[in-house]
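J.: Coordinates for the following, if possible.
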Amino acid sequence: MKKKRSNEKGFTLIEMLVVLMIISVLLLIALPNMSKNTDMAGDKSCEATRKLVQTQVAAYEVEHGSIPQSIDVLIEEGYIDQVSCASGKRIVLNGKTVSISQ
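T.: Take a look at the predicted model:
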């Protein structure tokens, strides 16, 4: 029979299982918060895009003396490259008002 030496290093199976359980519990606590933060970040990104388009509508109006008929006009004239939201929502131009729609 082998005798265990006192200088052998390593973890027992029980110690490894305890560590894995602790990590699992921490992940179960953290994951819902991360998904909520991702949704909030998408909404803030979409709001920032809406404000950018609103600014470019004002710039177009100053240069041309009228408001653009659609966002496509702003893209064609080179005021903005593209308009998209990470959350899948659309940016809509209604006269001078830029809004976010589902």
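
J.: Do you have the strands of this structure handy? List them.
T.: With DSSP state E as the criterion, the chain has strands at 90-94, 97-101.

J.: most tightly surrounded among the ones you listed?
T.: strand 90-94 (a mean of 15; mean count of other Cβ atoms under 10 Å). C-beta: built from backbone N, CA, C; applies to glycine.

J.: so how far is that strand from its chain's centroid?
T.: Distance of strand 90-94 from the chain centroid (Cα atoms, centre = their mean, to the nearest Å) equals 20 Å.

J.: for the protein, which helix is longest?
T.: With secondary structure taken from DSSP state H, the chain has its longest helix at helix 13-64.

J.: so that one versus strand 97-101, what angle?
T.: Counting by axes from the mean of the first three to the mean of the last three Cα atoms, to 10 degrees, helix 13-64 points 150 degrees away from the direction of strand 97-101.

J.: packing partners for helix 13-64?
T.: Where contact means 3 or more Cβ pairs under 8 Å, 6 or more residues apart in numbering; DSSP states H and E, helix 13-64 is packed against helix 71-76, strand 90-94, strand 97-101.

J.: With respect to Ile23, which of the ones you listed lies nearest?
T.: For Ile23, the closest of the helices and strands packed on helix 13-64 is strand 97-101, at 38.9 Å, according to Cβ to Cβ.

J.: quick one: strands adjacent to the closest one?
T.: Sheet pairing for strand 97-101, assigned by DSSP bridges, gives strand 90-94 (antiparallel).

J.: What lies in contact with the partner strand?
T.: For strand 90-94, contacts defined as Cβ atoms under 8 Å, 6 or more residues apart in numbering pick out 46, 49-50, 53, 57, 68, 70-71, 83-85, 98-102.

J.: Tabulate the helices and strands packed on helix 13-64 (a markdown table), appending mean pLDDT and distance to Gly42.
T.: Shown next, in a markdown table, are the helices and strands packed on helix 13-64 (pLDDT from 0 to 100; distance: least, Cβ to Cβ, whole Å):
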| stretch | mean pLDDT | distance to Gly42 |
| --- | --- | --- |
| helix 71-76 | 87 | 20 |
| strand 90-94 | 83 | 14 |
| strand 97-101 | 81 | 11 |
